[in-house]
Structure formats: C-alpha cells, structure tokens
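J.: Sequence isn't available, so here's the structure alone:
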C-alpha cells in the first residue's frame, strides 16, 4: 500500500526522539511537511529535521512544552505561518516519573498527568479549532486528523507506574470522547497503544529482554518503525473510515499471555 501525504502539514509533538522521531520521519517520507516539536532536546530535534531534509523532505523544529497553553498556541501559529495550515496532529509527547505508590510525590504525579494527559487535551483542542477555522484544504478526505499516543497501560495495570498508567487510561477515554463529539465535522480522531518498544523512555523496562519476552507472545520487542508505520496508516486516507479506535501495537502483550496455560 502506497500512502501519500503530499500537500499536508503535520505537527508531531515530542518528535525529537523515540516514537515521535520515527513518526515524523515516516510522515515526511510520505510527503508531509512536518513540525518537529521538542521541549528540551533542541539538538536531537535538529537532527530529526536534518534527516528529513537529507531525504528530500521539509521540516522545522519548534520548542514547546505541550502542557503549557501559550506554548501550544505558539506551536500551531508557527506551523500555520510556515505551511499555510495544519492537517495532521499527532499528540505524542509523554514522560514517566516512576515510583512505588506510597513513595510517589504529588509533584511527580502532577507532572506526568500534565504532560501525558493535559498536554494531549491542549494539543487536540487547538487542532480542532484550527481544523474548523481553515475548513477543507482539499488535501485529504477528512478536514483534519488527530492521533493520540496511548499505551497498552490504558488497559493493563502497571504497579510502580500509577501516574503513567492513569494518564494513559485517561488518554484513551479522552480520545474516544473527542472522536464521538467531532466526527460530524469530518475530523478523524484515533489512538495508538504501543507495548514494549525499544526507545529511550522504555530503556529500563526493556533491559531484561528474556523476562520481557515472556509477556510478548509474538516473541520480539517492538521497534519505533512498527509504531510509525501504524501512525502513518491512521493519518492517511487509507484509514478514512476508522474513527475513535485505538490500534494496539504490542506483539500480543495485551492478550494476557500468562493465561495461555489456563493461568
């Protein structure tokens, strides 16, 4: 299947590394112009832009803490100023601050919720406003596409990661509620829920591969490109009838493999 995003502008938050980086590059390879958002890793964001440009694509790096409303508005303003509009918004930025429940500080609870959940609210809300304002740009069957980054931990509890799991559970319901509300505007909203993917944020979780593979029926740890290809599909016209769905990309982790032998 050939996916063509030519003429479309995309914002990918948290695009300086990991799944955001892979997705930004995939969108650009398909023809989209990409705003590579970062919060603190300016050098890594510039490397993503350079990789896109060297492959013949177009991109720019834009700093914004997506949990900050003013910063989100600036991110959209800069994208629209450069590219004339925005057609795809991937609310990918996320973080972890892990601790046993009794040791979890209020500060770390709030920071993870602010970035992982409130950030997705702010980014997706501004996307809806921009899509409605600009109307049909004639580049896609939908007037806009929003993609939420969730996790298998929107459904699988994760001891020692209460703030992260709560943020992802909230993300799934936020995505579905928004999709229900705005589908009539021809704005498509979906989510992706990765499992164990070899990225920096998951470095500790994927370190013991033998133990981790016991949780993955398919027998391998995922790569960022596995998620990027799914993201590319969901923001394309090939997925035009997919609305309010979460695509799980986990090698079967969410199938509860501990029950393969009747528990």
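T.: Sure, I can see it. Just so it is clear, the model here is predicted, and its values are computed rather than measured.
J.: gap between stretch 30-46 and the chain center?
T.: Once both centres are worked out by C-alpha atoms, centre = their mean, to the nearest Å, stretch 30-46 turns out to sit 13 Å from its chain's centre.
J.: Stretch 17-31 now?
T.: With C-alpha atoms, centre = their mean, you get 11 Å for stretch 17-31.
J.: and if you look at stretch 220-234?
T.: Counting by C-alpha atoms, centre = their mean, stretch 220-234 comes out at 11 Å from the chain centroid.
J.: State the mean pLDDT of that stretch.
T.: For stretch 220-234, the mean pLDDT works out to 97.
J.: Who are the packing partners of the host helix or strand of residue 82?
T.: Using DSSP states H and E, residue 82 falls within helix 69-83. Judged by 3 or more C-beta pairs under 8 Å, 6 or more residues apart in numbering; DSSP states H and E, helix 69-83 is in contact with strand 9-12, strand 33-38, strand 58-63, helix 119-134. For glycine as for every other residue, the C-beta is placed from the backbone atoms N, C-alpha and C.
J.: what's the model's confidence in it, averaged?
T.: 98.
J.: now swap in stretch 165-179 and tell me
T.: 98.
J.: So that it lines up with my notes, have the first residue be 13 from now on.
T.: With 13 as the first residue, the last one maps to stretch 177-191.
J.: Can you list the neighbours in contact with that stretch?
T.: 106, 124-125, 127-129, 132-133, 136, 140, 158, 160-163, 165-170, 200-203, 205, 255-256, 258 (C-beta atoms under 8 Å, 6 or more residues apart in numbering).
J.: what comes up buried for that stretch?
T.: Within stretch 177-191, the residues scored as buried using 16 or more other C-beta atoms under 10 Å are 177-184, 186-188, 190-191.
J.: Please state the offset of that stretch from the chain centre?
T.: Its chain's C-alpha centre and that of stretch 177-191 lie 12 Å apart, by C-alpha atoms, centre = their mean.
J.: Please apply the same query to stretch 190-200.
T.: 18 Å.
J.: what does stretch 239-248 give?
T.: Using C-alpha atoms, centre = their mean, the offset of stretch 239-248 from its chain centre is 10 Å.
J.: that older thread, and the contacts of stretch 177-191, which of them are buried?
T.: Buried subset of those (neighbour count, 16+ other C-beta under 10 Å): 106, 124-125, 127-129, 132-133, 136, 140, 158, 160-163, 165-166, 168, 200-203, 205, 255-256, 258.
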